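>>> just to be clear, the model below is a prediction. Sequence and coordinates:
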Amino acid sequence: MMESRKVLLPEGVQDLLIDDCIYRRHIENKLMENFMQSGYMEVSSPTLEYYDLFSNDYLASNGDKMFKLIDTNGGILVLRPDCTVPIVRIVSTKMKDFVYPLKLCYVQNVFRIDEEQAGRKREFRQAGVELFGVASYRADGEVIITAIESLKNLGLENFQIDIGQVKLLKGILQTIGIQETEKQAIINHMENKNFIELDRLVEGLPIEADIKTILKKLPRLFGEPCEVLEEVKKLPLTVSMLEAVEDLEKVWRMIESYGLGKYISLDLGMVTSLKYYSGVIFKGFTKDLGVVLLSGGRYDRLMKDFDMDCPATGFAFVVNMITKALKIQENLKVKKKKHILLLEEAGSPAMTSAKVEDLRKEGYIVEVCLLEDTKEILEYTGRRKIDGIMRINKEGNLEKVQELGGL
Amino acid sequence: METLKIAIAKGRLAKYSIELLEEIGIDCQVLKEDSRKLVFTLPQHHIEVILLKAVDVPTYVEHGVVDMGIVGKDVLMEQERQLYEVVDLKFGVCKFSVAGRPNGTNGKKHLRVATKYPNVTKKYFAQKGQSVEVIRQEGSVELAPLMGLSDVIVDIVETGKTLKENGLVVLEDIANISARLVLNKVSYKTKKKEITTIIDLIAEKVS
């Protein structure tokens, strides 16, 4: 047992070697560059947080999925299970008086014992944005547009952002007098698009016929925005429900006006297990990979947990899933620098050093050869896919010894 | 036209699943030929059928390796995966039951339960407020009470014949089981047209 622990890794974590590190850096740099170009500022929170940071609501559904440690003073610590809650903590304690809208971004590891988004990874990277201080639909539109533009800039194709509205179902459940367990069952059936069970359950409830119709119809209302909106408006909606739908429509219209409408679909039956969401929510995916690439939404309610009355919305990309999707689509192209192996003559090291600096400034990877044997050098050159071997001659000039990949 | 990947559980549901696909006009002749193949392409229908052990079907669907699957509610209840469960296929009908010796549990305060379904078992007894110790089994669960390994068993019961032959009776029913059509949550969105067509055809057949 102990022997195998020496060579194996714990469940759900991984080493990244060479190319995978290059890809990760490339993707994360691109994403962060994109966020910053849209005016977001980077923040970073620690890996360890107090368990008590999270509300009871959050802990009820996610508490068991957190990695916990006991602090020296007996307090319970957790490995960051989520990026949003810590950032809300940062805002409420350190940036309250900052100018709003406050736009923050991050790329960090999160740790979860098992998670829907990441397959079975227990440690994975999230890159995302949070936008504080804007209650209007324009903030929802802005973050979704940021997500779309980021994916486009990465070269991802065939992707789609599915937008839903928490207020619809939440609004209905708040107004009808049924048991808590029945409400939970409705949410579960809605989440699983379990039409059969949902219909059966709703039919038997002591509620108005209009509400029954809406509840049964909601999970079926997804797909092309025009069609979905047309369908939902045929339903006997109350004023507040109609407002919720109109809010969603405004977000979609805004994205469409940016010429990005083709990436959008709606799902009025979208439910999220995270209770802090309070308005427009969304998820992104590609048909080439059956997993969620990004998720986010409005979480005004979470801010109240930190005694702030401040609207907020945001999203997070699951970086390793985006990497996987790009690989499947063969769209992961990282420009490689030319790689030169420099042989050192018995000349002055000072001269070599100056030449190396020049070449590196020109954008080459320059590696001073540490091997002596010709056969070994050739073997090394081959395995490392080196583009050319150079030497500094007696006059102190660079000369090509061998051109391999063509310099 | 997108190719749809469908996972079918081998074993008791396979025959009915293939019949159902044929009934909605998908030619499954290749699946009926005696072979050890597990992946079958039906290019004329843009469909690929994958035969899996029942317990693996939800995993394949959840990870999006296949778009849809046909699997028993028993497996779904045990695993609680993130899937869309859209149609009750109404075959493979049976029940999750608690079974034991005819004299019941004699009012025991703490029960030892042998089962292949530890999660379903724990959840059911927790709901009842009954304290239990679950003993996980892989093979014939009926043996456990006979040999004194457990007080009762939790298993799927179709006709009750196996129970009867081993001197056991159903003490309580937990839930009704039947085969379900499940979907990957992303596929349903990204291949909506293709999947909806199949769901509608299937729903029409089974209703």
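Nice, thanks for sending it over. Note that the structure is a prediction, hence the values are computed from the model and not measured. Residues are numbered from 1 along each chain as shown, chains lettered A, B, ... in the order given.
>>> tell me which helix or strand in chain B has the weakest average pLDDT.
Ranked by mean pLDDT, DSSP states H and E, the weakest helix or strand in chain B is helix B:29-32, scoring a mean of 81.
>>> just the CA trace of that helix, in CSV.
Taking Å, rounded to 0.1, in the frame of the first residue of the first chain, the C-alpha atoms of helix B:29-32 are listed here in CSV:
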residue,chain,number,x,y,z
GLN,B,29,-29.6,-6.4,-37.9
VAL,B,30,-25.9,-6.1,-37.2
LEU,B,31,-26.5,-6.0,-33.5
LYS,B,32,-28.3,-9.3,-33.5
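>>> show me what counts as buried in it.
Applying a neighbour-count criterion of 16 or more other Cβ atoms under 10 Å in any protein chain shown, the buried positions in helix B:29-32 are B:L31. Every C-beta, even on glycine, is put in place using the N, C-alpha and C of the backbone.
>>> quick one: it to chain centroid distance?
Relative to the centre of its chain, helix B:29-32 is centred 22 Å away, using Cα atoms, centre = their mean, to the nearest Å.
>>> elements contacting it?
strand B:39-42 (3 or more Cβ pairs under 8 Å, 6 or more residues apart in numbering or on different chains; DSSP states H and E).
>>> which other helices and strands contact the strand it packs on?
Using 3+ Cβ pairs under 8 Å, 6+ apart as the test, strand B:39-42 ends up in contact with helix B:29-32, strand B:47-52.
>>> any chance of the ones you listed in JSON lines, with distance to A:T381 too?
Below are these laid out as JSON lines (distance: least, Cβ to Cβ, whole Å):
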{"stretch": "helix B:29-32", "distance to A:T381": "51"}
{"stretch": "strand B:47-52", "distance to A:T381": "44"}
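>>> for whatever residue of the stretch 201-350 of chain A ends up closest to chain B, the count of nearby residues, please.
Of all residues in the stretch 201-350 of chain A, A:G290 sits closest to chain B, with a separation of 1.4 Å (Cβ to the nearest Cβ). Residues lying near A:G290 (other Cβ atoms under 10 Å in any protein chain shown) number 25.
>>> mind listing what it touches?
A:G290 is in contact with B:H63, B:G64, B:V65, B:D67, B:N184, B:K185, B:V186, B:S187, counting by Cβ atoms under 8 Å, 6 or more residues apart in numbering or on different chains.
>>> surely A:G314 meets A:Q126?
No - the pair A:G314 and A:Q126 fails to qualify as a contact (Cβ atoms under 8 Å) at a distance of 10.9 Å.
>>> helix, strand or coil for residue 174?
Defaulting to chain A. Secondary structure of A:Q174, reduced to three states by DSSP: H, G, I helix; E, B strand; the rest coil: helix.
>>> please refer instead to chain B.
Reducing the assignment to helix, strand or coil with three-state DSSP, the entry for B:I174 is strand.
>>> list the contacts of it.
When contacts are counted by Cβ under 8 Å, 6+ apart, B:I174 touches B:K95, B:F96, B:S97, B:V98, B:V120, B:Y124, B:V154.
>>> would you mind giving those residues as a markdown table with distance to chain A, secondary structure and neighbour count added?
Formatted as a markdown table, the contacts of B:I174 follow (distance: Cβ to the nearest Cβ, whole Å; DSSP: H, G, I helix; E, B strand; the rest coil; neighbours: other Cβ atoms under 10 Å in any protein chain shown):
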| residue | distance to chain A | secondary structure | neighbour count |
| --- | --- | --- | --- |
| B:K95 | 17 | strand | 17 |
| B:F96 | 16 | strand | 23 |
| B:S97 | 20 | strand | 22 |
| B:V98 | 22 | strand | 25 |
| B:V120 | 16 | helix | 22 |
| B:Y124 | 15 | helix | 21 |
| B:V154 | 22 | strand | 27 |
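>>> what's the burial count for A:S240?
Counted by other Cβ under 10 Å, the residues lying close to A:S240 total 14.
>>> may I have the beta-bridge partners of the closest residue to A:F35 other than its chain neighbours?
Nearest non-adjacent residue to A:F35, counting by Cβ to Cβ, 6 or more residues apart in numbering or on different chains: A:C105, 3.9 Å away. Applying DSSP bridges to A:C105 yields these beta-bridge partners: A:E42, A:V129.
>>> surely A:C105 meets A:G128?
Yes - taking contact to mean Cβ under 8 Å, the distance of 6.7 Å between A:C105 and A:G128 places them in contact.
>>> show me which of the two is the more surrounded one.
Comparing A:C105 with A:G128 by other Cβ under 10 Å, the one with more neighbours is A:G128, at 28 against 24.
>>> and the pLDDT at that one?
The predicted structure scores A:G128 at 97 on the pLDDT scale.
>>> assumed A:I163 was part of a helix.
No - under three-state DSSP, A:I163 sits outside any helix and is assigned strand.
>>> show me the contacts for it.
Residues in contact with A:I163 (Cβ under 8 Å, 6+ apart) are A:I144, A:L248, A:V251, A:W252, A:I264, A:S265, A:L266, A:D267, A:M270, A:V280, A:I281, A:F282.
>>> one more: A:S92?
With the criterion set at Cβ under 8 Å, 6+ apart, A:S92 makes contact with A:M303, A:F306, A:D307, A:M308.
>>> same check on B:I6?
B:L21, B:I47, B:E48, B:V49, B:I50, B:V66, B:D67, B:M68, B:G69, B:I70.
>>> tell me how far it lies from A:N194.
Counting by Cβ to Cβ, to the nearest Å, the gap between B:I6 and A:N194 amounts to 19 Å.
>>> count of residues packed around A:E203?
With other Cβ under 10 Å as criterion, A:E203 counts 10.
>>> out of everything not next to it in sequence, what's closest to it?
Using Cβ to Cβ, 6+ apart and skipping residues adjacent in sequence, the residue nearest A:E203 is A:K212, 6.9 Å away.
>>> am I right that the one you found sits in a strand?
No - counting by three-state DSSP, A:K212 is not part of a strand but helix.
>>> so the residue of chain B at minimum distance from chain A, which of the three states?
Using Cβ to the nearest Cβ, B:G64 is the residue of chain B that sits closest to chain A, at 1.4 Å. Classification of B:G64 into helix, strand or coil gives coil, according to three-state DSSP.
>>> ok, it touching A:L289?
Yes - here B:G64 lies in contact with A:L289, judged by Cβ under 8 Å, at a distance of 6.2 Å.
>>> now for the two: what residues contact both?
Any residue near both B:G64 and A:L289 by Cβ under 8 Å, 6+ apart counts here, and that gives B:V186.
>>> kindly report the domain assignment for the chain.
If you meant another chain, say so; for now it's chain A. Structurally, chain A divides into domains by automatic domain parsing as follows: A:9-328, A:339-403.
>>> um, chain B though
Each domain of chain B, as a residue range, per automatic domain parsing: B:4-92+B:178-206, B:94-176.
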